[in-house]
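1. would you be able to build a 3D model of this:
(4 chains)
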Protein chains: 2
Amino acid sequence: MTLYTQVAYPGRMADLVALLRDKGLRSTPHRRAVLSALAQNPHLTVAQVGEEVTRAGSSGGPSAVTELSRQGLYNVLEDLRRVGLVRSIEPAGSPALFELQHGDNHHHAVCRSCGSVRDVPCAVGDTPCLEPSAAGDGFVVDEAEVVWWGLCAGCRDGGRADA
Amino acid sequence: MTLYTQVAYPGRMADLVALLRDKGLRSTPHRRAVLSALAQNPHLTVAQVGEEVTRAGSSGGPSAVTELSRQGLYNVLEDLRRVGLVRSIEPAGSPALFELQHGDNHHHAVCRSCGSVRDVPCAVGDTPCLEPSAAGDGFVVDEAEVVWWGLCAGCRDGGRADA
DNA sequence: CATAATTCTTGACTCAGTCAAATAAAGGGG
DNA sequence: CCCCTTTATTTGACTGAGTCAAGAATTATG
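-> So this is what the prediction gives:
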């Protein structure tokens, strides 16, 4: 998958434009800015994407957007998700988190104390856990989602962790 | 685990009373009614638990409760969860779903179309998927949660499914 | 440059869940 | 059997996340 390398350099506008158009989406400043923000920060909430976008915009980056509405943010993220550029997870107790779709099949470890999320490469290969038979009775699996719950190193040591 | 057989018969009040007191919880009509409702219906939302409880109550069952406040419902479910009698899952896009804690380590298959949830026994044994090493870097896993997404038999056939 | 199609903003709204304080019920001791 | 302390429950206001609908602005094409 070359996707990651394409979007990992937010400075390269042409790549972002091509990426969007390849997927049948118009290239807009907001979409480019959201992709850039996610390329630099995995696991952002919708609100955090908004903050990143405006922060990057105010510092005059390549996708200079200084504001975008909440609805616009949801629209952009949903459009990117629909064409497969972006993926979201919704750990219990957390608002949705967005990340670039890397094409690998990684899962997530979520700290019960601080809520931090780590990527966990899937040990089983590229399309693991897909055991249609397990579900039985005609259920057709298209995705297996795994979340490991526990404590991250920092929270386990710190004891009084709650950030 | 004998838990399931204990609470699977909502008519047996004495069992529910003992179950609660064993866990250090007072036996109240609401708690017994919620356990009864979950014994008969897996994967209920908070609202559905409320409906079941009032429905069962109005038909004069053993835990005759005809009403309970929303906050009371949340309190009861949280108390039961805390002592390990009840478990909840929160599939993306759905409000929290509650089920009795059966002690097995089953997972869930969720239909993308109709939202129905099926239990899927864990193929790997009683405490599967717990691969602390996979998370790396000092993360200590205490639970692995697996959700299989796909289409249930009914929705796959029906085509225009959306219930 | 004009136009049609798509995207974005605005503001009201819903739904799920939480907080805090007053009221009611449970269960053990007299 | 009744009282008292502890524990549950109700009430009502509130927050946060996400959605809906309609009008305004932007994109890309001819």
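
2. residue contacts, the nearest residue in space to A:Gly84 that is not next to it in sequence?
-> Once flanking residues are discounted, A:Gly84 sits nearest to A:Gln101: 5.5 Å by C-beta to C-beta, 6 or more residues apart in numbering or on different chains. C-beta here means a position set from N, CA and C on the backbone, and glycine is covered the same way. A:Gln101 makes contact with A:Leu3, A:Gly84, A:Leu85, A:Val86, A:Arg87, according to C-beta atoms under 8 Å, 6 or more residues apart in numbering or on different chains.

3. nearest to DNA strand C, of these?
-> Of all the contacts of A:Gln101, DNA strand C sits closest to A:Leu85, with 12.4 Å by C-beta to the nearest atom of the strand.

4. thinking again about what came up before, per-residue confidence for the residue nearest to A:Gly84?
-> Note on A:Gln101: pLDDT of 93.

5. tell me what the longest strand seen in chain A is packed against?
-> Criterion DSSP state E: the longest strand present in chain A is strand A:140-151. Identification of packing neighbours for strand A:140-151 by 3 or more C-beta pairs under 8 Å, 6 or more residues apart in numbering or on different chains; DSSP states H and E yields strand A:107-111, helix A:132-135, helix B:132-135, strand B:140-151.

6. what's the angle from that strand to strand A:107-111?
-> For strand A:140-151 against strand A:107-111, the angle by axes from the mean of the first three to the mean of the last three C-alpha atoms, to 10 degrees is 30 degrees.

7. can you pull the buried residues of strand A:140-151?
-> By neighbour count on 16 or more other C-beta atoms under 10 Å in any protein chain shown, the buried set for strand A:140-151 is A:Val140, A:Val141, A:Ala144, A:Glu145, A:Val146, A:Val147, A:Trp148, A:Trp149, A:Gly150, A:Leu151.

8. rebuild the residues you listed as a markdown table, extending it with distance to A:Pro42.
-> Output for the buried residues of strand A:140-151, formatted as a markdown table (distance: C-beta to C-beta, whole Å):
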| residue | distance to A:Pro42 |
| --- | --- |
| A:Val140 | 29 |
| A:Val141 | 25 |
| A:Ala144 | 20 |
| A:Glu145 | 16 |
| A:Val146 | 17 |
| A:Val147 | 15 |
| A:Trp148 | 16 |
| A:Trp149 | 19 |
| A:Gly150 | 19 |
| A:Leu151 | 20 |
